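> Sequence first, then the predicted structure:
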Amino acid sequence: MFPKNFLWGGAIAANQCEGAYNEDGKGLSVADVARYRSQIEVSDYKKQWEISKADIETAKLSQDVLQYPKRHGIDFYHRYAGDIELFQEMGFKTLRLSIAWTRLFPKGDETKPNEKGIAYYLEIFRKLKACGIEPVVTLSHYEMPLALVENNEGWVSRKTMECFERFARTCFQHYHTYVKYWLIFNEIDSIIRHPFTTAGIIEENYPDKRALNQALIQALHHQFLASAIVTGAAKEIRADSQIGCMLTRTLIYPHTCNPADIALAQVLNRLNYLFGDVQVFGEYPEFAFRFMKKQGVEVVMEAEDLTVIKNNPVDFVSFSYYMSLNASVEAKGMELASGNLAVGVKNPYLVANEWGWQIDPVGLRVACIDLYDRYRKPLFIVENGMGAIDEIGENGMIEDDYRIEYFKQHFLEMEKAIASGVEIMGYMAWGCIDLVSASTSQMSKRYGMIYVDVQDDGSGTYERRKKKSFDWYREVIASNGQSLHQL
Ligand code: BG6
């Protein structure tokens with residue numbers, strides 16, 4: 001049974017759906033220089049996000065939107081009203097979306113916001129309200145201003161944090177009557193997997209691995225601190241604001257019952273928990289400092305930093321869940337699996353989607369129980385879904401039974417987690433309307449219940465079309481999950 005006020009809905013991000021990358025005063029963001037990549041071998045998985053200074057220069061000079069698909073997205077910028085009406089038709093109680101920093105502050109360091117940017121999101125929030133949909137808003141979802149990367153070393157610099165605080169306060173001031181739920185950083189842990197997109201760190205700027213690690217740890221500290229500062233600011237402006245951290249929960253299993261595999265999986269899971277620990281408990285776990293010392297790096301802090309972090313923990317824990325991976329001390333030579341920019345040993349009990357992401361519904365239950373036992377805070381599943389190639393049948397229908405089956409199995413496991421005492425605020429299907437893939441910038445990797453007619457080569461009408469999963473999800477929401485148990 002799902003709780004009475006369970007927030008069913010979907011999630012999108014500005015950089016993957018809005019398009020209109022240079023309209024109404026918007027500045028360039030890190031997403032606007034991300035190139036299209038087709039399928040990449042598991043061993044080369046990191047290439048999906050690699051970017052050099054030369055790539056950035058080339059992108060800046062180019063007006064091309066096809067090579068840089070996040071520049072066109074699905075044209076949500078102009079079509080948001082119709083899309084929100086479709087979400088309403090599906091019965092969404094909530095929509096997670098993000099605000100593009102560069103629409104409000106094109107270069108990031110301006111002191112006054114761009115009024116057109118402010119007005120745009122105000123219109124969206126008004127529309128959501130009119131449709132009875134509660135917004136959950138991410139402030140930073142892979143789209144920091146490019147100018148802050150070039151002039152400031154991204155989040156390595158404390159100045160970026162100050163600019164972010166200004167951006168966040170501006171959002172709270174203008175939107176607080178509409179928005180109660182905020183997520184500060186999408187997948188804050190992703191800084192170790194793709195530092196450019198998450199924190200504006202260009203790897204070639206650092207002479208060696210130690211220097212790069214030092215930059216990463218410093219940028220991460222600034223994000224932890226920013227998260228605490230703006231959590232406090234949100235509550236100053238609206239006392240009942242609810243702030244969540246947002247984690248990637250890629251579960252790591254020991255590949256065998258060899259105690260060494262179990263210990264290795266524990267080390268990797270613990271490293272992943274570090275990101276939640278700081279934001280929930282308000283302090284760095286002791287193992288974090290030991291880990292840094294081992295890497296030869298040290299966080300540079302100002303006197304009050306730890307107190308600010310301590311005094312401003314988050315209210316709930318949100319996370320994305322797509323898959324699990326295995327860890328083995330004998331991984332060399334074993335078949336690997338990867339997904340969401342992580343790599344591990346392939347699990348023989350699981351099947352994977354066309355991009356190699358292992359599908360593991362039971363893992364969602366395990367993740368929920370583990371996170372709740374650790375943090376004792378309400379959980380919010382703000383991303384889950386299956387990237388797949390969808391075909392339009394001769395009857396004009398998209399029969400995405402594979403997606404329905406994926407959701408069904410995950411929902412049933414989520415229900416079991418709730419039955420075992422876990423408090424879950426809601427569930428959001430990632431990319432509830434097809435959008436540009438974060439990692440590869442493909443359109444063909446579709447997650448939605450709503451099909452968007454845009455192809456990898458940029459062709460298409462941008463028309464929206466309901467898939468079979470649209471009506472199926474509508475029934476799940478309308479029956480608050482009861483329909484899952486009907487034959
Ligand atoms: C999450 C990101 O990690 O994974 C989303 O927060 C992203 O932005 C999603 O779209 C799925 O990844 P991809 O690469 O398939 O789009």
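Here it is on my side, so go on. Numbering: from 1, shown residues only.
> May I see the buried residues of stretch 115-122?
117-118, 120-121 (16 or more other C-beta atoms under 10 Å). In short, each C-beta sits where N, CA and C put it, glycine included.
> Strands along the chain, start to end?
Using DSSP state E, the strands of the chain run over residues 7-11, 94-98, 134-140, 181-185, 242-248, 251-254, 316-320, 324-327, 336-339, 342-345, 379-383, 424-430, 450-452, 464-466.
> Each with direction, which strands does the last one pair with?
The sheet places strand 464-466 alongside strand 450-452 (antiparallel), with pairing taken from DSSP bridges.
> go on, the fifth one?
Using DSSP bridges, the neighbouring strands of strand 242-248 in the sheet come out as strand 181-185 (parallel), strand 316-320 (parallel).
> tell me the average confidence for that strand?
Summarised as a single mean, pLDDT over strand 242-248 is 98.
> Please name the residues that touch the nearest residue to Val454 once chain neighbours are set aside.
Distances taken as C-beta to C-beta, 6 or more residues apart in numbering put Gly460 closest to Val454, at 4.1 Å, once the chain neighbours are dropped. The contact partners of Gly460, by C-beta atoms under 8 Å, 6 or more residues apart in numbering, come to 443, 452-454.
> tell me the contacts of the spatially most central residue of the chain?
Centrality entry for the chain: nearest residue to the mean C-alpha point is Asn186, 4.4 Å, by C-alpha atoms, centre = their mean. Residues touching Asn186, when contacts are defined by C-beta under 8 Å, 6+ apart, comprise 13, 98, 138, 140-142, 246.
> ok so, going back, how about TSV for the strands paired with strand 242-248, with mean pLDDT, distance to Asp434 and mean neighbour count added?
Formatted as TSV, the entries for the strands paired with strand 242-248 read as follows, by pLDDT from 0 to 100; distance: least, C-beta to C-beta, whole Å; neighbours: other C-beta atoms under 10 Å:
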stretch	mean pLDDT	distance to Asp434	mean neighbour count
strand 181-185	98	22	26
strand 316-320	98	18	23
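> okay if I get those as CSV plus distance to Val343?
Conversion of the strands paired with strand 242-248 to CSV gives the following (distance: least, C-beta to C-beta, whole Å):
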stretch, distance to Val343
strand 181-185, 23
strand 316-320, 17
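> which helices and strands does whichever helix in the chain runs longest pack with?
Secondary structure of the chain read by DSSP state H shows that its longest helix is helix 209-237. Helices and strands in packing contact with helix 209-237 are listed as helix 158-175, strand 181-185, helix 195-199, strand 242-248, helix 259-281, helix 286-295, helix 305-311; criterion 3 or more C-beta pairs under 8 Å, 6 or more residues apart in numbering; DSSP states H and E.
> if we go to 6 Å?
helix 158-175, strand 181-185, helix 305-311 (3 or more C-beta pairs under 6 Å, 6 or more residues apart in numbering; DSSP states H and E).
> Just want the angle from that helix to strand 242-248.
Between helix 209-237 and strand 242-248, the angle comes out at 160 degrees (axes from the mean of the first three to the mean of the last three C-alpha atoms, to 10 degrees).
> Identify the residues contacting the residue of the stretch 1-150 of the chain found nearest the ligand.
When distances are taken as C-beta to the nearest ligand atom, the stretch 1-150 of the chain approaches the ligand most closely through Ala13, which lies 5.1 Å from it. Taking C-beta atoms under 6 Å, 6 or more residues apart in numbering as the definition of contact, the neighbours of Ala13 are 98, 141.
> returning to that earlier point: just tell me which of the strands of the chain ends up closest to Phe289.
Taking C-beta to C-beta as the criterion, strand 242-248 is the member of the strands of the chain that comes nearest to Phe289, at 20.1 Å.
> Tell me which residues are up against that closest one.
With C-beta under 6 Å, 6+ apart as the test, strand 242-248 has contacts from 180-183, 186-187, 189, 231, 234, 275-276, 279, 314-320, 380.
> so which of the residues you listed are also by the ligand?
With the criterion set as C-beta under 6 Å from any ligand atom, the members of the contacts of strand 242-248 near the ligand are 186-187, 320.
> Present the residues you listed as a markdown table; the columns should include distance to Asp64.
As requested, those are exported to a markdown table (distance: C-beta to C-beta, whole Å):
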| residue | distance to Asp64 |
| --- | --- |
| Asn186 | 26 |
| Glu187 | 28 |
| Ser320 | 30 |
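> which among those gets closest to Asn152?
Proximity of those to Asn152 (C-beta to C-beta) peaks at Asn186, which lies at 20.3 Å.
> what are the phi and psi values for the closest one?
In terms of degrees, to the nearest 10, the main-chain angles of Asn186 are phi -70, psi 130.
> ok, and the closest non-adjacent residue to it?
Sequence neighbours aside, His141 is the residue nearest to Asn186 in space, at 4.1 Å (criterion: C-beta to C-beta, 6+ apart).
> can you pull the contacts of that neighbour?
With C-beta under 6 Å, 6+ apart, His141 has these contacts: 13, 98, 186.
> and if you look at Glu143?
Residues near Glu143 by C-beta under 6 Å, 6+ apart: 15, 29, 31, 100.
> ok, now Asn312?
Each residue near Asn312 by C-beta under 6 Å, 6+ apart is listed here: 228, 231-232.
> Do you know the pLDDT at it?
In the predicted model, Asn312 carries a pLDDT score of 98.
> Then Asp75?
Asp75 carries a pLDDT value of 98.
> Show the backbone phi and psi for the spatially closest residue to it that is not a sequence neighbour.
Spatial nearest neighbour of Asp75, chain neighbours left out: Gly19 (4.7 Å); criterion: C-beta to C-beta, 6+ apart. Gly19 adopts backbone torsions of phi 70, psi -150, taken as degrees, to the nearest 10.
> Run a quick neighbour tally on the nearest residue to Ala100 once chain neighbours are set aside.
Distance criterion C-beta to C-beta, 6+ apart; nearest residue to Ala100, sequence neighbours excluded, is Ala14 at 4.1 Å. Using other C-beta atoms under 10 Å, Ala14 has 26 neighbouring residues.
> wait, Ala14 sits on Arg103?
No: because the distance of 7.7 Å does not satisfy C-beta atoms under 6 Å, Ala14 is recorded as not touching Arg103.
> what about the chain, any weak spots by pLDDT?
With pLDDT under 70 as the threshold, the chain has low-confidence stretches at 39-48, 487.
> ok, back up a step: dump the residue contacts of the residue nearest to Asp75.
By C-beta under 6 Å, 6+ apart, Gly19 lies in contact with 72-73, 75, 77.
> For Arg79, see how far away it is.
Taking C-beta to C-beta, to the nearest Å as the criterion, Gly19 is separated from Arg79 by 9 Å.
> Kindly report the same for Ile99.
As defined by C-beta to C-beta, Ile99 lies at a distance of 18 Å from Arg79.
> ok, these two, which is more surrounded?
Of the pair Ile99 and Arg79, Ile99 is the one with more neighbours under other C-beta under 10 Å, namely 28 against 19.
> How about the contacts made by that one?
Contact analysis of Ile99 by C-beta under 6 Å, 6+ apart lists 121, 171.
> Look up phi and psi at it.
Main-chain dihedrals, Ile99, degrees, to the nearest 10: phi -100, psi 130.
> And it, how far from Ile192?
Computed as C-beta to C-beta, the Ile99 to Ile192 distance reads 25 Å.
> next one: Arg210
Taken as C-beta to C-beta, the span from Arg210 to Ile192 is 15 Å.
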